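In: Predicted model and sequence follow; I will ask about them next.
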Amino acid sequence: MNILLVCHEFPPVGGGGGRAVMALARALADRHTVDCITESAVGLPPRERLGALQVHRVFSFWRDDLDVPPFRSHAVYPVSGLACGLRLIRRTRYDLVNSHFAVPSGLLGAVLARFARVPHVVSVHGADIYEPCRRISPHRFRALGAVVRCVLHDAAAIVAQSRDTAFRVCRHYGASLEARVRVIPLAFDADEVLRLAKLDSREDVRPPGSDGRQIAAVGRLVERKAFDRLILSMRHLPDSVRLVIIGSGPLRAMLEGIIRREGLEGRVSLPGHVDDSAKYRYLRGSDVYVLSSHHEGFGVVIQEAMAVGLPIVAHARGGQTDLIEDGVNGILTPDNEPETLAAAIRRLLEDDGLRQRMGQRNLEKIRRYSPAKIAGEYLALFQQVVRRACP
């Protein structure tokens with residue numbers, strides 16, 4: 001098949017969703033022609049070939065933050081990507097367009113699919129349709145929601161990466177969409193993670209002089225991640241327990257203030273944004289992973305923790321419930337209050353056998369998300385959509 005993939009976030013730009021798209025695209029490109037249109041950033045080439053995958057980067061107002069995009073880059077992406085897409089359509093006869101994230105990618109993908117006269121498959125990733133902590137989330141901001149609704153109703157098929165996201169599609173954008181929604185999880189290359197995680201020993205990633213347990217969390221320092229609650233949970237855990245929160249974002253100063261106010265300077269560290277190899281060394285040097293978010297569409301960070309054999313504590317609200325079976329490979333908590341999180345963390349820290357069993361189960365379970373398997377599910381859907389369009 002000839003596939004035009006549209007995704008504004010593509011490594012090194014973006015977070016976990018972008019990395020999952022890259023893993024999927026490279027797996028599809030092993031046997032099919034795949035062109036990807038994404039945003040550029042300072043220092044990145046306009047075109048790059050990754051194996052058989054061709055990546056085309058378009059103007060995005062000189063984006064210099066690879067993690068958190070300015071709104072203007074999203075606003076201009078459908079416009080700057082249109083010219084590139086039209087050139088590709090003139091050169092290649094595509095079978096379909098697959099957009100990742102309903103906005104802004106879905107808008108560009110819908111237009112390009114119309115020009116190419118091929119089906120449009122939209123993959124929604126969670127926050128692009130429902131972000132409870134953001135004032136301009138599409139589900140409550142009328143103008144943006146109207147764009148998302150048009151993109152979804154125009155699509156030949158919609159891929160949701162979790163049951164929770166599938167539910168949000170139908171609840172907020174129309175129950176009639178249910179027949180077009182297919183749940184396919186995000187791809188994850190565990191072999192690459194394991195290679196990176198083995199670069200250093202466990203001791204190399206512990207704070208100097210630390211002989212206690214370590215808890216890890218990864219994510220952008222934004223309200224939805226509820227890292228303030230995770231930090232406050234440390235008041236209910238032994239002084240020997242350490243917490244490392246890996247990531248950057250606008251709430252860093254506020255979180256540092258909480259750490260100082262609670263006298264946790266020696267127990268909580270915020271190393272900021274680190275490269276993948278350093279991130280996985282931190283994870284490998286930890287005993288428990290905690291997802292404190294108010295809501296997640298899926299939770300790529302959960303996959304990262306699973307890949308290094310960590311048991312997981314997570315708030316049971318969002319797509320992470322597709323990855324975690326309570327009591328089997330992690331503990332799902334009814335809320336994300338500090339006391340609740342601390343009780344679940346303590347249970348794991350005090351039971352070595354339970355922690356080891358859960359970690360081993362995660363090492364087995366992560367194979368479910370291999371890029372080859374996820375690409376196979378996508379390809380089956382693509383073939384079905386194309387057959388319906390061209391009987």
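Out: Here it is on my side, so go on.

In: use CA for all of it now, contacts and neighbours both
Out: Fine.

In: Just to be sure, D191 is in a helix?
Out: Yes: the secondary structure assignment for D191 places it in a helix, going by DSSP: H, G, I helix; E, B strand; the rest coil.

In: Check the gap between it and A23 for me.
Out: As judged by Cα to Cα, to the nearest Å, D191 and A23 stand 12 Å apart.

In: Equivalent analysis for R281, please.
Out: According to Cα to Cα, R281 stands 21 Å off from A23.

In: Who has more neighbours out of those two?
Out: Residue environment comparison for R281 versus A23 gives the larger neighbour count to R281, 24 against 20, counting by other Cα atoms under 10 Å.

In: ok, now which ones touch D239?
Out: For D239, the contacting residues are R267, taking Cα atoms under 8 Å, 6 or more residues apart in numbering as the criterion.

In: And it, what's its pLDDT?
Out: According to the predicted model, the pLDDT of D239 comes to 95.

In: isn't there a strand covering it?
Out: No: with three-state DSSP as the criterion, D239 is coil rather than part of a strand.

In: And it, its phi and psi?
Out: D239 adopts backbone torsions of phi -60, psi -20, taken as degrees, to the nearest 10.

In: Am I right that V151 sits in a helix?
Out: Yes: the assignment for V151, made by three-state DSSP, places it in a helix.

In: in terms of contact, does it touch A102 like I think?
Out: Yes: applying Cα atoms under 8 Å as the test, V151 and A102 come out as touching, 6.9 Å apart.

In: Which one of these two is surrounded by more residues?
Out: Of the pair V151 and A102, A102 is the one with more neighbours under other Cα under 10 Å, namely 28 against 23.

In: So which bits of the helix with the most length in the chain are buried?
Out: Assignment by DSSP state H gives helix 71-91 as the longest helix of the chain. Applying a neighbour-count criterion of 16 or more other Cα atoms under 10 Å, the buried positions in helix 71-91 are 73-74, 76-78, 80-82, 85, 88-89.

In: any idea which of the residues you listed is closest to S293?
Out: For S293, the closest of the buried residues of helix 71-91 turns out to be H74, at 24.1 Å, with distances computed as Cα to Cα.

In: May I have the residues that are in contact with the closest residue to F101 other than its chain neighbours?
Out: Counting by Cα to Cα, 6 or more residues apart in numbering, F101 lies nearest to V124, which is 4.8 Å off, once chain neighbours are set aside. With contact set as Cα under 8 Å, 6+ apart, V124 has these partners: 100-102, 158-161, 165.

In: which residues in this structure form helices?
Out: Remark: helices assigned in the chain by DSSP H are 16-29, 71-91, 105-116, 142-154, 163-173, 190-197, 227-233, 252-261, 276-284, 300-307, 338-349, 352-365, 371-389.

In: Tell me the gap between the third one and the middle of its chain.
Out: So the one you mean is helix 105-116. For helix 105-116, the distance between its averaged C-alpha position and the chain's averaged C-alpha position is 23 Å (Cα atoms, centre = their mean, to the nearest Å).

In: low-confidence ranges in this structure?
Out: 61-73, 196-211, 391 (pLDDT under 70).

In: Please parse it into its domains.
Out: The chain breaks down by automatic domain parsing into domains covering 2-187+370-389, 190-367.

In: Endpoint to endpoint, the longest one covers what distance?
Out: One end of domain 2-187+370-389 to the other measures 15 Å (Cα to Cα).

In: thought H295 was touching A314?
Out: No: counting by Cα under 8 Å, H295 stays clear of A314, with 10.1 Å between them.

In: Looking at the two, which has the bigger crowd around it?
Out: Residue environment comparison for H295 versus A314 gives the larger neighbour count to A314, 27 against 24, counting by other Cα under 10 Å.

In: Can you tell me the closest non-neighbouring residue to the more buried one?
Out: When the adjacent residues along the chain are set aside, A314 lies closest to L291, with 4.6 Å between them (Cα to Cα, 6+ apart).

In: before we move on, what about H100?
Out: With Cα to Cα, 6+ apart, the residue lying closest to H100 is S123, at 4.7 Å.

In: Next: A160.
Out: With Cα to Cα, 6+ apart as the criterion, A160 has its nearest non-adjacent residue at 4.8 Å, and that residue is V183.

In: what does N329 give?
Out: Setting aside the residues directly before and after it, N329 is nearest to M358 in space (Cα to Cα, 6+ apart), at 4.2 Å.
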